[in-house]
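>>> Kindly generate the corresponding structure for this input.
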Amino acid sequence: MAVVPSWRDDRPTASALFFLFAGVGLITGVLEGASLYLLQASRWSGETIDYLLVPRRILYVSPLVDLVLFVALGFLAAGVCRVSRGRVSGRLILFLLFMLAVFDVLSMALDRFMDVPYIAVLSAGISTALMRGCWRHRDRLAAAARKFFWVLVPAVAVLFLFLRFSRLEAAEDAVAELGRPPAGAPNVLLIVMDTVRADHLSALGYSRTTTPNLDGLAAQGVLFERAISTSSWTLPAHASLLTGRFPFEHGAERRTYDGRFATLPEAFQERGYRTGAFSGNAYYFASTNGFGRGFLRFDGVFSTALDVLARTLYGRSFMMLYEEAPHSDLPGRKHADLVNAQFLGWVRKDSSRPFFAVLNYFDAHDPYLPPAPFRGKFAGSQDVGGMLNSWGERETLEHPADVKTEEEAYDGGIAYMDDRIGRLLASLKQSGLANNLLLVVVSDHGEFFGEHGLYLHKNALYLEGIHVPLLMVWPGHLPAGVRVAPPVSIARLPATLMSLVPGSDAVKFPSAPLEPLWSGTPSADPEPLILSELVANSPPPTGGPPLRTESLLSPRWHLIYTQGQKPLLFDWSRDPREQQNLAGTAQGREVVAAMMRCMQDHFALIRQPDCGLSAAELNPPPATSQPAKAAALPPPGREDSGAGLGQGPR
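Numbering: from 1, shown residues only. From the prediction side, this is the model:
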């Protein structure tokens, strides 16, 4: 049967134009979605695929996004060509069609080996050849595209329904299989204020009133004045919060957590809890990064339309161009309001059993652009923040005035999250879900604003990057208004929660619970040494594996060591801003030698947690037996002590 002509005057009819671009767009989207999902984190993937990890829903998201994109650009090109009245208009349309498809497919296949400009040039050459070869058969091409369209549309629809309902059915089955929760089991809510350094909380003495709600909660529970994170960025810190392990153990130091250890949500499931996670950080605390294990519900990736778009090839390309603009926010950033709404919608559906939920608030992360009026709460203007942007590779500031306004916007983000914590607790109280609630508020890491010559995070292990807030409240079960001064690791949180919640002990966490520190138990000795770790983004210029930085902190000393560099030692009980390196003094050399023995064998921290140091060596002398409070810290300095790794997205 002859093909019905679908081109007139070298231009496609409207029907042919639609089916050409729609059919090829669907084919391209199917190939893209399969590549993004199947090749991620493999040796064949490049930055295009691994830039943002995706769930299997990308298998229908990419076809739908490419369908809309291709058709829109096809009609736009047709309109431009019609207005220009050029004789090459049809050829230009066909070239654009092939260029969109070929560039997409080659980006999936060659991104590991070629930069984007070279892929674009190669795509243009291949598209030109395809356009010339197919021009004589353009009617057949349009007919074939129509057939592919009517085959792929129902296929994508079936895939969407299958994945959608299989997720719902799996969640319902998992809830049905849960055992009976123990009597009196509390609801447990863990809120992670992403990127919040401890000394910017008014609850810990900061000069600005950033956290009035946390101030009130601290009077009702236990506030840890010197909680120390296991790393200075999201992925390893969250892995420690959920496993009770350190980065050298759990291995989540680059892109994902591989699930080698049991996690808190698994432990709570064993005790009959519903488990859910609701994350504003869809980049590193997401099910795609390996954190979905044990959670019956995980809302992180695809929570907003812009985040859905950003996971596709062309969507993330537009996102990277957008981020180059000054004061541009992260496309698809999920604010605490939406995190709360998703959590409340989930928790209210079933009140028959207790819940364990993790909420990640992302509003203090760079670029610092919290919703109004909080953006300008401490500046008097809403036009502050947004200059520092790790995703847009704007990672330094030149002028002190810029540092000031960025800190003001950052503090506004903290105040916004504090406000949303207050609103969330009010909603839980109104729903009757706060009557027996164990609340934990913590951060995963801190932030630098010029201290030691550094900005942002994931670049060093000074105190500004690892000293985080930690607050626990459970009225009637935990004492009210207690402040714990000795330093503690956030890796002790899983064991602490399991010791408080009634039930079996099938899942064990290695660290000791924190309870003796607030209960006044005579044997409640502080941790002799607290470990933090950081792996650089990329290998050093001289070659070899990426450099590793490690930190050991005692109630008195803080040792920081980066491979190939001289160690740094600070008496942080007297020098809280860590400006004076004592590694070269007589006493410092002895302390460094003893503490370095632990760094040479990480498990020495388990076998001999004091590394052979006496109590007198570990702790401050009697004249300064209590470490300086956060309120007493001087304004941030701008000195550079010389230790740190290259920065990057986190």
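>>> Show me where the stretch 101-250 of the chain has its strands.
In the stretch 101-250 of the chain, strands defined by DSSP state E, counting those that start in this stretch lie at 187-193, 222-228, listed in chain order.
>>> The last one - contacts with which helices or strands?
Read that as strand 222-228. Where contact means 3 or more C-beta pairs under 8 Å, 6 or more residues apart in numbering; DSSP states H and E, strand 222-228 is packed against strand 467-473, strand 482-484, strand 488-489. Quick note: C-beta positions are derived from backbone N, CA and C, even for glycine.
>>> Off-centre distance for the longest one?
Between the centre of strand 467-473 and the centre of its chain there are 19 Å (C-alpha atoms, centre = their mean, to the nearest Å).
>>> For it, C-alpha coordinates in PDB please.
Taking Å, rounded to 0.1, in the frame of the first residue of the first chain, the C-alpha atoms of strand 467-473 are listed here in PDB:
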ATOM      1  CA  HIS A 467      29.800  20.500  65.600                       C
ATOM      2  CA  VAL A 468      26.100  20.000  65.200                       C
ATOM      3  CA  PRO A 469      23.000  20.400  67.400                       C
ATOM      4  CA  LEU A 470      21.400  17.400  69.100                       C
ATOM      5  CA  LEU A 471      18.200  17.600  71.200                       C
ATOM      6  CA  MET A 472      16.000  14.900  72.600                       C
ATOM      7  CA  VAL A 473      12.500  15.400  74.100                       C
END
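>>> Partner strands of it, with direction?
strand 222-228 (antiparallel), strand 437-442 (antiparallel) (DSSP bridges).
>>> What of the last one?
Each strand paired with strand 488-489, and its direction, by DSSP bridges: strand 222-228 (parallel).
>>> so which of the helices and strands packed on strand 222-228 is the most packed in?
The highest average neighbour count among the helices and strands packed on strand 222-228, using mean count of other C-beta atoms under 10 Å, belongs to strand 467-473 at a mean of 25.
>>> Please convert the helices and strands packed on strand 222-228 to JSON lines, extending it with distance to Y561 and mean pLDDT.
As requested, the helices and strands packed on strand 222-228 are exported to JSON lines (distance: least, C-beta to C-beta, whole Å; pLDDT from 0 to 100):
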{"stretch": "strand 467-473", "distance to Y561": "18", "mean pLDDT": "98"}
{"stretch": "strand 482-484", "distance to Y561": "27", "mean pLDDT": "96"}
{"stretch": "strand 488-489", "distance to Y561": "18", "mean pLDDT": "96"}
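>>> any chance of those in CSV, plus distance to N389?
Shown next, in CSV, are those (distance: least, C-beta to C-beta, whole Å):
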stretch, distance to N389
strand 467-473, 22
strand 482-484, 36
strand 488-489, 30
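>>> in the stretch 551-650 of the chain, which spans are helices?
586-600, 604-607, 615-618 (DSSP state H, counting those that start in this stretch).
>>> okay, those, which one's buried deepest?
Scoring the helices of the stretch 551-650 of the chain by mean count of other C-beta under 10 Å, the most buried comes out as helix 586-600, with a mean of 17.
>>> Packing partners of that one?
Helices and strands touching helix 586-600, by 3+ C-beta pairs under 8 Å, 6+ apart, are strand 548-553, strand 557-562, strand 568-571, helix 604-607, helix 615-618.
>>> Contacts for it, please.
529, 531, 550, 552, 557, 559, 561, 567, 569, 582-583, 604-605, 608, 611-613, 617 (C-beta atoms under 8 Å, 6 or more residues apart in numbering).
>>> quick check: longest helix of the chain.
In terms of residue count, the longest helix belonging to the chain (DSSP state H) is helix 138-176.
>>> how about it: buried residues?
138-139, 141-146, 148-149, 152-153, 156, 159-160, 171, 175 (16 or more other C-beta atoms under 10 Å).
>>> what sits against the residue minimising distance to the centre of the chain?
By C-alpha atoms, centre = their mean, the chain has its centre lying nearest to Y284, at 3.2 Å. Residues in contact with Y284 (C-beta under 8 Å, 6+ apart) are W233, T234, L235, H238, R650.
>>> tell me which of these is nearest to L500?
H238 (20.7 Å; C-beta to C-beta).
>>> picking up where we left off before, can you lay out the helices of the stretch 551-650 of the chain as a markdown table showing mean pLDDT and distance to L59?
Shown next, in a markdown table, are the helices of the stretch 551-650 of the chain (pLDDT from 0 to 100; distance: least, C-beta to C-beta, whole Å):
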| stretch | mean pLDDT | distance to L59 |
| --- | --- | --- |
| helix 586-600 | 88 | 45 |
| helix 604-607 | 65 | 44 |
| helix 615-618 | 74 | 54 |
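>>> Mind putting these into CSV with distance to V105?
Shown next, in CSV, are the helices of the stretch 551-650 of the chain (distance: least, C-beta to C-beta, whole Å):
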stretch, distance to V105
helix 586-600, 47
helix 604-607, 49
helix 615-618, 60
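>>> re the thing from before, quick one: closest of the helices and strands packed on strand 222-228 to L500.
Of all the helices and strands packed on strand 222-228, strand 467-473 comes closest under C-beta to C-beta, at 8.7 Å.
>>> ok and that closest one relative to strand 187-193, angle-wise?
Between strand 467-473 and strand 187-193, the angle formed by their directions is 160 degrees, by axes from the mean of the first three to the mean of the last three C-alpha atoms, to 10 degrees.
>>> Over to stretch 296-314 now: how far is its first residue from its last?
Chord length of stretch 296-314, first to last residue, is 31 Å (C-alpha to C-alpha, to the nearest Å).
>>> and A491, which of the helices and strands packed on helix 586-600 is closest to it?
Closest among those, using C-beta to C-beta: helix 604-607, at 10.9 Å.
>>> Most neighbours among the contacts of Y284, which one is it?
Greatest neighbour count in the contacts of Y284, by other C-beta atoms under 10 Å, goes to H238: 29 neighbours.
>>> distance of it from T230?
10 Å (C-beta to C-beta, to the nearest Å).
>>> cool, and R245?
8 Å.
>>> Could you pull out the residues contacting both of those two?
A491.
>>> Those two - which one has more neighbours?
T230 (29 against 23).
>>> residues touching the more buried one, list them.
Per C-beta under 8 Å, 6+ apart, neighbours of T230: P236, A237, S240, F246, P247, S489, I490, A491, L531, S532, E533.
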